[in-house]
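S.K.: here are the coordinates; sequence isn't available:
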């Protein structure tokens, strides 16, 4: 409870709080959640004050040439439709991104321009392009330090390994072993802390959710669960059964 001078009692009193939530549309057409804390005197129940807290609803999706877009289309669809998140594609440069499937994507913002933004999470798909710039490392660190969702699938955890996020964290990846092909493609030795690797379809470690590429449905399910889409365990299991058969 907070403490404040009650306008009726005239003395310092403990305050009760009642929380209301609503949505507004900003000048850019983005939906912003507003949480209003209404404070009342715990003794006489007189209204004392209110505070509006804007809750950002963005999910950053890092896109890059050669990304495996099928790994993230399911979860981005669910996040946007069922959870009302604003999907914000981000890239290093403002040009058309050609995915592994041949579909082309246009980033909404640049990585360097969202470093000060507040978001609900960051998702990184797999692919064969391992270009890592300092701004992406900084964004990964920011998201992780805030305890927001940090999701990566297939080869996506490579970026997390390079950002030293996987130290002392359980994770999985499709890069089960650092093969000769990987050495040639990335021109480096294995960057993964293998002592923390778990050879499972999906691994959840607090705000960190990683998955192997074939487990894109499981990946989507765990992210939905993290955002509390399911009311109970049965509903979560039904989600998997419906999509996987």
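M.R.: Everything's here; your move. Just so we're clear, the structure is a prediction, and the values are computed from it rather than from any experiment. Numbers count the residues shown, from 1 in each chain.

S.K.: domain boundaries for this protein, per the record?
M.R.: Per the record, the chain has its domains at 2-55, 58-244, by automatic domain parsing.

S.K.: what about residue 82, how many residues nearby?
M.R.: Neighbour count for residue 82, taken as other C-beta atoms under 10 Å: 11. Bear in mind the C-beta positions are built from the backbone N, C-alpha and C, glycine included.

S.K.: same deal with residue 59?
M.R.: Around residue 59 there are 25 residues (other C-beta under 10 Å).

S.K.: assumed it was part of a helix.
M.R.: No. Residue 59 is assigned strand when assessed by DSSP: H, G, I helix; E, B strand; the rest coil, not a helix.

S.K.: for it, give its distance to residue 108.
M.R.: When distance is defined by C-beta to C-beta, to the nearest Å, residue 59 is 11 Å away from residue 108.

S.K.: which residues do those two both contact?
M.R.: Taking C-beta atoms under 8 Å, 6 or more residues apart in numbering as the criterion, residue 59 and residue 108 both touch residue 88.

S.K.: just the element for the closest residue to residue 82 other than its chain neighbours, please.
M.R.: Using C-beta to C-beta, 6 or more residues apart in numbering and skipping residues adjacent in sequence, the residue nearest residue 82 is residue 229, 6.2 Å away. Assigned by DSSP states H and E, residue 229 belongs to no helix or strand.

S.K.: got it, and residue 182?
M.R.: helix 180-186.

S.K.: each with direction, which strands does the next helix or strand after that helix pair with?
M.R.: Next in sequence after helix 180-186, counting helices and strands by DSSP H and E, comes strand 202-205. Applying DSSP bridges, strand 202-205 is found paired with strand 208-211 (antiparallel).

S.K.: right, I'll leave it there.
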